[in-house]
Every structure is written in C-alpha cells, then in structure tokens.
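**Q** 3D, please:
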Amino acid sequence: MRTLSAILASTLLCGVLPNAGIAQHTDEFILEQIVEPATPKNIQILLEQGVSEALLEVKGSYFLFNPHDGTKVSSGLLGKRFMIHAVDSGLKWGEQFPGIHQLYVQPRSSDSSIFVNGIQYSGAIGIYAIGNRINIVNDIDIETYVKGLLSLQIAQPMESEVMAALAIVARTNAYYAVSRDADAFWQTSAAVVGYQGNALVGPNSSIEKAVESTRHLILVHPTEGKNLPFATLWTEHSAGKTAPYHTMFRSDAWAPTTGVDAPHAALDRKDAKWSFSLSRKVLANQLELPQIKGIELFTDPTSNKVYGLRVKDGTETHDFHFAELQKRLGASRLQSSDFTMTLKEESVLFTGFGKGHGVGLCLYSASAMAQNGDNAVKILSKFFPETYLMNLNALPDTKKR
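**A** Residues are numbered from 1 along each chain as shown. The predicted structure is shown next:
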C-alpha cells in the first residue's frame, strides 16, 4: 500500500484530486464571502485581548517595526525582557515609543525566540494598543502553526496515515479561518483553538513527519463555482455516525452538508457507552437556573446527535448549545453529543455513546481504517464527502475579489 506522500508525488503536483462528487448548494444558511485559497499563507492568532500588560521577552536578536507604516522602530542583538503596556503617548516596553501604538516584533535570525507570558512562539508578535489596553497577536506560517496545534491536542501518536489526515484537516481549518477574515488583525484565538505555541514540537516526531509529508495540502469544497476551504474538525469516537458541521454549529462554513456512517465506530458503540446522573438541583445550579421543570433536546435527524437543548424552569425557557452544556457539565461527564436525558422525580439521567462533538473525522474509525490498509486519502474521502484535495504550491496566487 502506497503512503500518502507517495500518492501525492504522483497525483497532486498540478492541482486538485477529487474525493467525491460535487457539492449541492443549500440556501438554508447564509454564505460568508471569502476567496479561493491561494499560495501558502500566514495566520494571525490572538494570544491576549484587552489586557493591561504582558511579559514580552526576546532571546537573541530582533527587529521592531511599526506595522501601521512598515517603518523600522528599533533593533537589538542581545534580547530584551520587559512588561509591555500602553501609556498615553504610545507603547512602553522597557523604553517608551512615543506616538507608536502598534509594534511588530520580528526575530532577526533563526536562533532568536519570542516568549509571551512565558510561552514560546514561533513567527512574529504584534502588539496593538487600544486606549490603555493591548491586544497581542502571533503572526506565524500555517505549517508551523499546524505543528504546534497538533502537538498539544494529540497526546499519543496514531497510525501514520491517520496523522497525515489530521494534518490536512487542521491545515484546512486554518486556511478557512484565514480566507474568511483575511484582512482582520487576527483570524482565530489561541483560547478557542487550544494553541500554546511551538515549544512542544519535537524534531522527527510523528506530528512533524505528518505535517511535512502533507505540506500545503488542504481540502476544498466546491461552492458557487469556487474551490473553497471549509471548517474542518475531528472527533474522538462518533459511535457510528457523524453529524454535518452546519447542524451542530449552526453555521454553513462551506462544509459538506451531510454526515457519514462510521461502521467501525458503530461496532464499538456499546463499548463506548457512558452515563451519569445529577440531581435536578445540581443541574439547575450548573445551568444557573432556579429549577428544572422540563427539558427538550434538539437533534440532527440523521445522526441523532444533540446540538442543543431547551430547559424550562417553570416560567421561562432557556436554550443551550451542546458546547455550552458540555462546558458547564464537564467533558469528563458529558462525553459526547450522542446522548439522551431522562427526567426523574429528583434527578436527571444522562446516557450516551462515543466521545466528542461528533463532527468531521472520527479518529476511532480512521485508526481502524488505517490498520486495515487504507491511506489518508481514503480516510479523508470517507469523512469529508463531496470534497477535493488541493496542493496550494501548484496554484498561482489569487487576489481577493
């Protein structure tokens, strides 16, 4: 069985490789305006928002630029470590920069490194003052970003073809974020995506190899005559079926509009069962409600995944998205969106299957497919129907229309 990198070398040098079919347009959701993917890009990640100060340290040589007009403000050879904050006249980082309310810290050599509040980041750091508060953004190439993201989120290495598929999924989601908000000061938030720099990326690790072997490959979904990157996710165990992105997250995001059957996870469904019980009083407290009188679940009709619920407290109703409910109850208890709730006289019983939100790549099934000899291309085509693989290095750059 050829590996993904071997397939890519022979088939992807000139553009796109179809996974399956052509997407059907739906008018049910409002489409955001973005452009087609172009050559490899950087992504801007919000690290701190609206803080009064932060510890900014550079080890090694660096340049300081004013991103407002691109002029060089200062430079250093031996590094620098000070709190950075806004003052009335501009920014202060050890010294004051009068009239300058934006700073861009660029490493001067590959041996230099930048730390924000003790966390090491690759790429450059932008600081933007708004009044007496600052926002801090990491400007980094997407390939390096994907390595850092996966290093934190994938605790144990999986089969090489699964790791390759994960790299493509994470990269696709990054390009979607960049395309959606190309001109914004940042396209995603470290707190939202779980990004904590690149200190954990090890040389020759399974993640490093996966990202390098799939370099500049993304999935695209044909929409309105364009090949667009879309929101992509993975879930640990789908319990037999995945739900489409738009159902679970109430946003089109150019993703395929259907979930898929996952036979490997279906066979393991009973073994992936979980349950827990809470008193009505405890549940009401965790939902910040006076009491629990009734609960209505909202589910995806094809997968039965719960995307939201409505709670009646006696006089009013309150709606909660699955992600909010899981955050309040804890992911260790509410393990997946595939669950039911039973109201008893004094308690509420939760019974469910699998693990995760149930959208996108099912890691349990992907692992089983890889063990059966399927490569990353086959795995991706299974869980992202009606999509294509695109090699960004084979494309000319395009301008935003």
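**Q** for the residue lying closest to Glu159 once chain neighbours are set aside, helix, strand, or coil?
**A** Nearest residue to Glu159 in three dimensions, chain neighbours excluded: Ala370, at 3.8 Å (Cβ to Cβ, 6 or more residues apart in numbering). Any C-beta I mention is one placed from the backbone N, CA and C, and that applies to glycine too. Secondary structure state of Ala370, per DSSP: H, G, I helix; E, B strand; the rest coil, is helix.
**Q** Leu219 too?
**A** strand.
**Q** And it, how far from Asn132?
**A** Using Cβ to Cβ, to the nearest Å, Leu219 is found at 43 Å from Asn132.
**Q** Please identify which of these two sits among more neighbours.
**A** The residue with more neighbours, out of Leu219 and Asn132, is Leu219; 28 against 11, by other Cβ atoms under 10 Å.
**Q** Give me the neighbour count for the residue nearest to Glu159.
**A** For Ala370, the number of neighbouring residues by other Cβ under 10 Å comes to 22.
**Q** Let me know whether it touches Glu161 as I believe.
**A** Yes. If you go by Cβ atoms under 8 Å, Ala370 and Glu161 touch, sitting 4.4 Å apart.
**Q** neighbours around Pro203, how many?
**A** Neighbours around Pro203, by other Cβ under 10 Å: 6.
**Q** What confidence value was assigned to it?
**A** Per-residue pLDDT puts Pro203 at 82.
**Q** show me the contacts for the residue nearest to Glu159.
**A** Neighbouring residues of Ala370 by Cβ atoms under 8 Å, 6 or more residues apart in numbering: 158-162, 379.
**Q** now do Phe384
**A** Contacts of Phe384 by Cβ under 8 Å, 6+ apart are 19, 219, 232, 256, 360-361.
**Q** So, low pLDDT: which residues of the chain?
**A** Residues of the chain that meet the criterion pLDDT under 70 lie in 1-40, 394-401.
**Q** which helix in it runs the most residues?
**A** In the chain, with assignment by DSSP state H, the single longest helix is helix 160-180.
**Q** can you put the contacts of Ala370 in a markdown table and add neighbour count and distance to Gly352?
**A** Output for the contacts of Ala370, formatted as a markdown table (neighbours: other Cβ atoms under 10 Å; distance: Cβ to Cβ, whole Å):
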| residue | neighbour count | distance to Gly352 |
| --- | --- | --- |
| Met158 | 17 | 23 |
| Glu159 | 18 | 27 |
| Ser160 | 18 | 31 |
| Glu161 | 26 | 29 |
| Val162 | 26 | 24 |
| Ile379 | 27 | 25 |
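**Q** Now flag whichever of those is closest to Ala284.
**A** Nearest to Ala284 among the contacts of Ala370: Met158, at 39.9 Å, using Cβ to Cβ.
**Q** Hmm, Leu363 and the closest one touching each other?
**A** Yes. Using Cβ under 8 Å, Met158 is in contact with Leu363, at 7.0 Å.
**Q** what touches both of those two?
**A** Counting by Cβ under 8 Å, 6+ apart, the shared contacts of Met158 and Leu363 are Leu166.
**Q** How much space separates the residue nearest to Glu159 from Ile140?
**A** 29 Å.
**Q** Spell out which residues make up each domain of this protein.
**A** 4-18+153-249+358-393, 53-131, 270-353 (automatic domain parsing).
**Q** In stretch 74-91, which residues are buried?
**A** Under the neighbour-count criterion of 16 or more other Cβ atoms under 10 Å, stretch 74-91 has 76, 80, 84-86, 90-91 buried.
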